[in-house]
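1. My questions concern the predicted model and sequence given below.
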Amino acid sequence: MVLLLHSLKLTKKKTMLYHNLVPDHEATWFWRWSKPLLVYLTLCDFGKLTTLTEMDVTMKSMTNRPYKMAPLLECQLSDMHVLGWVVSWIVNQFKSGGGDRKVSQYLLEVESTDSN
């Protein structure tokens, strides 16, 4: 969030963030535990799991500027990485109903306080 705060100081019109967020009901113990470990499978650090509510609370605590959060892209977990189907299978062992987990990327737009 240090980068967000810095960008808010530099921006003239708006700051845009692209973030993977999950609905609150999907923030299970398994996802909270496993998301930081994905770096060892994918060599890409996705960080910790963040829900829509957690991001909303974070944004409100960081700035009083108006902002919008809206879904931008959506795909199935198995479409993201070759090992996604393995992760999907493991996840399905912990929840009833099965199915491939949907992943949504959100665009956050923070307005500038400068009207120019």
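-> Sure, I can see it. This is a predicted model, so every value here is computed, not measured.
2. what's the closest non-adjacent residue to the spatially most central residue of the chain?
-> Closest to where the C-alpha atoms of the chain average out (C-alpha atoms, centre = their mean) is residue 20, at 2.1 Å. In this structure, residue 20 finds its nearest non-sequential neighbour in residue 105, 5.5 Å apart by C-beta to C-beta, 6 or more residues apart in numbering. Quick note: C-beta positions are derived from backbone N, CA and C, even for glycine.
3. now do residue 11
-> Nearest residue to residue 11 in three dimensions, chain neighbours excluded: residue 112, at 5.1 Å (C-beta to C-beta, 6+ apart).
4. The one you found - how many residues pack around it?
-> 15 (other C-beta atoms under 10 Å).
5. which ones are touching residue 74?
-> Neighbouring residues of residue 74 by C-beta atoms under 8 Å, 6 or more residues apart in numbering: 102-105.
6. and it, what element?
-> Here residue 74, judged by DSSP states H and E, is contained in strand 67-76.
7. on that earlier part again, for the residue nearest to residue 11, what are its contacts?
-> By C-beta under 8 Å, 6+ apart, the contact list for residue 112 reads 11-15, 65.
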